[in-house]
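A.B. asks: attaching a predicted model along with its sequence, questions to come.
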Amino acid sequence: MDAGWLAQRIGEPSARGIATALTDLIREGTVTTQTRLPTVRGLARELGVSSGTVAEAWSELRRRGMIHTDRRRGTVVLGPPDVPRPIRYERIGHWGDRLAIDLAIASPDPALLPPLESALLAAAHADGLNDYARETITPRLRAAVEPAWPFAAQSWLAVGGGYEGVQLLCQTTALPGDRIAIEEPTGARLLDILETIGVQIIPVACDEAGPKPEALAKALKARPVAFVYQPRGQSPCGHAVTPERSAELAALLAPTTTLIVEDDGIGELSVSPMVSMGTRFPDRTVLVRSFSKSHGPDLRIAVIGGAADAVERVRVLRSFGTGWTSRILQDTLAHLLGDAVVRERVEHARAVYAGRRARLAAELAARGVRTGGSDGLVLWVPVREESAALVTLAAHGISVAAGSRYVIDPAPTPHLRLATARLTDDPDRLAELADVVALAARGGS
């Protein structure tokens, strides 16, 4: 495309004006798919603006999925704007009837979830039902969660699941182009969320004790507006932050204004104690605790508790849509949390999940495949080559998640993520599974 031709069709030479004009041209078909756009510098010269203005417009179009840039071809048009898709999280491939064992999705075992009947009946008589008053959290739910909260939260909010909580906190904290530091590897959905928001992701490498201090120190030099990490039950690696490591990280965060977002994704199913930065920084720490895996995915409940300003921003944004989380669901969870029989059931589930994870890790270690980590509902399995390992497992009717979905840049060692919550308790079948996983990890040798 000629830079002069495009410049004549741009009425407002701002970043937004450039992006809007080109969007209209693509939508109406004047500019077609695979058209190569002029260089940033060439278009800037024709418009009489800085290269940064055009680059900002290009970034916005890239975020909408309309253009793509590579070194060989330059910037080309992909097509009209589309709904952003969670590419990492979406399942790839159709398994059909060949799928025998699904280790790709870390879902709870339905047999280990508490029954909901009595809790739903109790919640059906909750105070304030069918009132349009926007209640951030019901008194019963706050009373149920507050005693176990690791620090004195300034504000509370019930949201529709852990990932919604983290997404809204990031969305209301960062502007497009801002930087957010996040441990790596991390949740595939979280990486999708951050890319959709349009932030720059600053990776923070981890080891068995959590984010590495030297990696966080490097990331903080970029002045991120937020640091997002999982204090325990980390997915995909299975580590938990120790008190000593937390103190090291806190010393680095102390002189900054960075918002600290703690994602407690498996909550009461974790075998590790909760070590929170909120005890040191209550005015800029927010904990998101999910109850989906412990008490039921269809409750769609997570609780946000922490810094008042950050929680208030989320409340305001939610007021444009949902407004508040169902009081029936909130009080159902509150009833479950206060039921002694349910607490025993969750404790039993925690032990069962830990045993399943540990047994598969031991079986793989006996075959020369060491996974690391001791918490969570997944195993992070090193393999010789990712694609070959996926093919080997698929040939045996086993689906797993590719490790490349959980990192920003290619990792030095490829991995697979195996969900362990629904593993068989039959030792012979588990040994057979470990044989196949080890075969895949070694590259078939």
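C.D. replies: Received, thanks. This is a predicted model, so every value here is computed, not measured.
A.B. asks: only C-alpha atoms for contact and neighbour calcs from this point on.
C.D. replies: Fine.
A.B. asks: all strands for the stretch 51-200 of the chain, in order.
C.D. replies: For the stretch 51-200 of the chain, the strands defined by DSSP state E, counting those that start in this stretch cover 67-70, 74-77, 101-102, 155-159, 179-184, 200-207.
A.B. asks: so which elements touch the longest helix along the chain?
C.D. replies: In the chain, assigned by DSSP state H, the helix with the most residues is helix 340-366. On a contact count with 3 or more C-alpha pairs under 8 Å, 6 or more residues apart in numbering; DSSP states H and E, helix 340-366 meets helix 292-295, helix 327-338, strand 378-382, helix 427-441.
A.B. asks: need the ones you listed in a markdown table (columns: distance to Arg85, mean pLDDT and mean neighbour count).
C.D. replies: Converted to a markdown table, these look like this (distance: least, C-alpha to C-alpha, whole Å; pLDDT from 0 to 100; neighbours: other C-alpha atoms under 10 Å):
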| stretch | distance to Arg85 | mean pLDDT | mean neighbour count |
| --- | --- | --- | --- |
| helix 292-295 | 23 | 96 | 24 |
| helix 327-338 | 28 | 96 | 23 |
| strand 378-382 | 24 | 97 | 24 |
| helix 427-441 | 30 | 96 | 18 |
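A.B. asks: tell me which of these lies nearest to Ala401.
C.D. replies: strand 378-382 (9.9 Å; C-alpha to C-alpha).
A.B. asks: roughly how far is that closest one from the heart of the chain?
C.D. replies: 17 Å (C-alpha atoms, centre = their mean, to the nearest Å).
A.B. asks: and the next element down the chain from that strand?
C.D. replies: Remark: after strand 378-382, the chain's next helix or strand is helix 386-395, criterion DSSP states H and E.
A.B. asks: name the helices or strands packed onto that next one?
C.D. replies: helix 427-441.
A.B. asks: so how many other residues sit close to the nearest residue to Asp425 once chain neighbours are set aside?
C.D. replies: Nearest non-adjacent residue to Asp425, counting by C-alpha to C-alpha, 6 or more residues apart in numbering: Arg356, 7.1 Å away. Neighbours of Arg356 under the rule other C-alpha atoms under 10 Å: 20.
A.B. asks: Arg356: what's it in contact with?
C.D. replies: 420-421, 423-425 (C-alpha atoms under 8 Å, 6 or more residues apart in numbering).
A.B. asks: do the same with Asp102
C.D. replies: 398-400.
A.B. asks: which one of these sits in the busiest neighbourhood?
C.D. replies: Ser399 (23 neighbours).
A.B. asks: follow-up on the earlier one: from Pro382, how far out is the residue nearest to Asp425?
C.D. replies: For Arg356, the distance to Pro382 equals 19 Å [C-alpha to C-alpha, to the nearest Å].
A.B. asks: Ala219 now?
C.D. replies: For Ala219, the distance to Pro382 - C-alpha to C-alpha - is 26 Å.
A.B. asks: which helices and strands does the lowest-mean-pLDDT helix or strand in the chain pack with?
C.D. replies: Sorting the helices and strands of the chain by mean pLDDT, DSSP states H and E puts strand 67-70 at the bottom, at a mean of 85. If contacts are counted by 3+ C-alpha pairs under 8 Å, 6+ apart, strand 67-70 sits against helix 51-63, strand 74-77.
A.B. asks: please identify the buried residues of the longest one?
C.D. replies: What that stands for is helix 51-63. Within helix 51-63, the residues scored as buried using 16 or more other C-alpha atoms under 10 Å are 51, 53-63.
A.B. asks: between the residues you listed, which is nearest Leu194?
C.D. replies: When these are compared against Leu194 (criterion: C-alpha to C-alpha), the nearest one is Arg63, at 11.1 Å.
A.B. asks: list the residues that contact that closest one.
C.D. replies: Arg63 touches 195-196, 198, counting by C-alpha under 8 Å, 6+ apart.
A.B. asks: what do you get for Phe151?
C.D. replies: Taking C-alpha under 8 Å, 6+ apart, one finds 276, 278-279, 282 in contact with Phe151.
A.B. asks: who wins for most neighbours among those residues?
C.D. replies: Sorting the contacts of Phe151 by how many neighbours each has (other C-alpha under 10 Å) puts Ser276 first, at 26 neighbours.
A.B. asks: right, and it touches Pro150 too?
C.D. replies: Yes: between Ser276 and Pro150 there is a contact under C-alpha atoms under 8 Å: 6.4 Å.
A.B. asks: now do the SS call for Arg405.
C.D. replies: When classified by DSSP: H, G, I helix; E, B strand; the rest coil, Arg405 comes out as helix.
A.B. asks: distance check, Lys212 against Ala247.
C.D. replies: Distance from Lys212 to Ala247, by C-alpha to C-alpha: 12 Å.
A.B. asks: again, but for Thr322
C.D. replies: Taking C-alpha to C-alpha, one finds Thr322 at 38 Å from Ala247.
A.B. asks: all helices for the stretch 151-300 of the chain, in order.
C.D. replies: 162-173, 188-197, 213-220, 243-253, 292-295 (DSSP state H, counting those that start in this stretch).
A.B. asks: coming back round to it: most neighbours of all the contacts of Arg356, which one?
C.D. replies: Thr420 leads the contacts of Arg356 on contacts (other C-alpha under 10 Å) with 28 neighbours.
A.B. asks: so what does that residue look like in phi/psi?
C.D. replies: For Thr420, the backbone dihedrals (degrees, to the nearest 10) come out as phi -120, psi -10.
A.B. asks: you'd agree it is up against Leu379?
C.D. replies: Yes: applying C-alpha under 8 Å as the test, Thr420 and Leu379 come out as touching, 7.0 Å apart.
A.B. asks: mutual contacts of these two, please.
C.D. replies: Contacts common to Thr420 and Leu379, judged by C-alpha under 8 Å, 6+ apart, are Arg357.
A.B. asks: what sits against the residue nearest the centre of the chain?
C.D. replies: With distances taken as C-alpha atoms, centre = their mean, Leu190 lies nearest the centre of the chain, 2.5 Å away. By C-alpha under 8 Å, 6+ apart, the residues touching Leu190 are 163, 167.
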